[in-house]
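Trainee: just a sequence and a predicted model for now, questions to come.
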Amino acid sequence: MVESHLRPMKDTSAGAKYILVLHGPNLNLLGTREPQVYGSVTLDEINRNLSNLAASAGIKLASFQSNAEAELIDRVQRAINEEIDFIIINPAAYTHTSIALRDALAAVRLPFIEVHLSNIFAREPFRRDSYFSDLAQGVISGLGPKGYELALQYALTAG
Ligand code: DQA
């Protein structure tokens, strides 16, 4: 039997209506940061594209980036008091280190998808371990900015 604490509290069977997109540390540098790994698309471009797709689908979307673990945790906690019903998160380096951010996602019990621009399994061995993947509805890794679009498409129909 699936543990109840892993089961999302909110029913998204009709699809998400309000999605929170979270970006972890150093993703504010996208566009210039190691373009051979992360590409040339900026974070603003990714967020604008997601906002446009959400608007076309008639749903709300909020984006938040921080280099600070505490700010990301606080943002996840605030989601409880909002109408947010789905999270798309690229925890960046916190993927491999942050039990605290994982615990925040478990605490709010919102369904989420973990996204990585690069293929974390094709890089250094320490990137293969994620504190988020077993809680996530799914993981998209290695598809660049397209990964966020696919996560959004899934959230729109998630059941
Ligand atoms: C990343 C992969 C992480 O290992 C890395 O620390 C990042 C970005 C990605 O999107 O590919 O900052 O999450």
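Mentor: Yep, that arrived. Numbering: from 1, shown residues only.
Trainee: phi, psi for the spatially most central residue of the chain please.
Mentor: Centrality entry for the chain: nearest residue to the mean C-alpha point is residue 89, 1.2 Å, by Cα atoms, centre = their mean. Main-chain dihedrals, residue 89, degrees, to the nearest 10: phi -130, psi 130.
Trainee: need the contact list for it.
Mentor: Residue 89 makes contacts with 21-24, 105, 112-115, 132, as judged by Cβ atoms under 8 Å, 6 or more residues apart in numbering. To be clear about C-beta, it is placed using only N, CA and C from the backbone, and glycine gets the same treatment.
Trainee: secondary structure element holding residue 77?
Mentor: Using DSSP states H and E, residue 77 sits in helix 69-78.
Trainee: before we move on, back to that, from the contacts of residue 89, which land in strands?
Mentor: Among those, the members falling in strands (DSSP state E) are 21-23, 112-115.
Trainee: so where do the strands sit in the protein?
Mentor: Ranges of strands in the chain, per DSSP E, are 18-23, 60-65, 86-90, 112-116, 138-141.
Trainee: and of the ones you listed, who's closest to residue 53?
Mentor: Smallest distance to residue 53 across the strands of the chain (Cβ to Cβ): 8.1 Å, for strand 60-65.
Trainee: name every strand pairing with that closest one and say which way it goes.
Mentor: Paired strands of strand 60-65, with direction, are strand 18-23 (parallel) (DSSP bridges).
Trainee: CA-only coordinates of the strand it pairs with in PDB, if you can.
Mentor: Output of strand 18-23 as PDB, limited to C-alpha atoms (Å, rounded to 0.1, in the frame of the first residue of the first chain):
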ATOM      1  CA  TYR A  18      -2.600  27.300 -10.400                       C
ATOM      2  CA  ILE A  19       1.000  26.100 -10.900                       C
ATOM      3  CA  LEU A  20       4.000  27.300  -9.000                       C
ATOM      4  CA  VAL A  21       7.400  27.000 -10.900                       C
ATOM      5  CA  LEU A  22      10.400  27.000  -8.600                       C
ATOM      6  CA  HIS A  23      14.000  27.500  -9.700                       C
END
